[in-house]
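Enquirer: give me coordinates for this.
(one chain, ligands or ions: 1)
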Amino acid sequence: MKLSRHMAPLLLATLVAVSAPVCAQTVPAPAPDTTASASNAGATPLAGDAVYKAFHGEEGIQRIMDDFIVRITTDPRIKDRFANANLARLKLLLVQQVSYLIGGPQTYTGRDMKTTHEGMGLQNGDFNALAEDLQLSMDKEGVPFRAQNKLLAKLAPMEHQIVPR
Ligand code: HEM
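Expert: Take a look at the predicted model:
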């Protein structure tokens with residue numbers, strides 16, 4: 001199934017609705033994080049490396065993030081948000097974060113999602129626009145839809161930390 005642009009907010013909303021209770025009920029408690037940086041990634045990583053492989057590993061994630069940075073900095077809905085951003089640092093940390101979350105060997109070394117986005121005044125529409133851009137970048141890399149959804153299910157609940165209520 002191909003995801004059209006207008007379906008992305010719907011998909012994210014659905015994932016937010018279903019992922020929290022499903023995780024709480026069926027996923028065993030993760031082992032405690034031994035480093036602060038790993039816990040800053042905003043979610044626990046997927047078990048195994050099947051999804052990491054479906055993203056074509058480190059090189060695939062690098063390509064996805066190269067494309068994603070171009071999209072978010074040219075997307076008229078959100079590009080102004082990144083006017084003062086350090087894009088090299090942002091890309092490096094996104095590669096780490098995504099790799100970590102989908103079962104890769106990398107560790108996330110950035111700040112936590114609440115601290116990072118505090119004071120930006122982000123809204124639900126910003127979050128959905130960014131998620132749509134990410135989906136387009138994953139499509140371009142040829143990441144299978146099911147593997148894309150595994151990452152989106154990790155990211156969707158982060159909206160509560162990124163978009164103030
Ligand atoms: C699930 C959604 C998101 C994730 C996983 C995410 C992840 C990240 C990460 C890892 C960083 C770098 C942290 C650090 O500097 O230590 C960051 C920074 C940033 N993010 Fe997000 N973010 C998300 C949503 C958004 C949205 C919706 C916007 C705006 C449309 C946004 C705008 C920014 C900006 C402007 C920075 C700061 C860059 C800088 O100071 O150089 N983020 N984000």
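
Enquirer: mind checking the SS state of the residue in the chain that the ligand sits nearest to?
Expert: Closest to the ligand within the chain is residue 110: 3.1 Å, counting by Cβ to the nearest ligand atom. (Each C-beta comes from the backbone N, C-alpha and C, glycine too.) Assigned with DSSP: H, G, I helix; E, B strand; the rest coil, residue 110 falls in the coil class.

Enquirer: thought it was touching residue 100?
Expert: No - in this structure residue 110 lies outside contact range of residue 100 using Cβ atoms under 8 Å: 10.4 Å.

Enquirer: have a look at those two and say which one is more surrounded.
Expert: In terms of neighbours (other Cβ atoms under 10 Å), residue 100 is the more surrounded of residue 110 and residue 100; the figures are 25 against 18.

Enquirer: tell me which helix or strand that one sits in.
Expert: Residue 100 is part of helix 87-101, with elements assigned from DSSP states H and E.

Enquirer: swap in residue 135?
Expert: Residue-wise, residue 135 maps onto helix 124-141 under DSSP H and E.

Enquirer: just checking, what packs against that helix?
Expert: Counting contacts by 3 or more Cβ pairs under 8 Å, 6 or more residues apart in numbering; DSSP states H and E, helix 124-141 is packed against helix 8-26, helix 57-74, helix 145-155, helix 159-162.

Enquirer: that'll do, ta.
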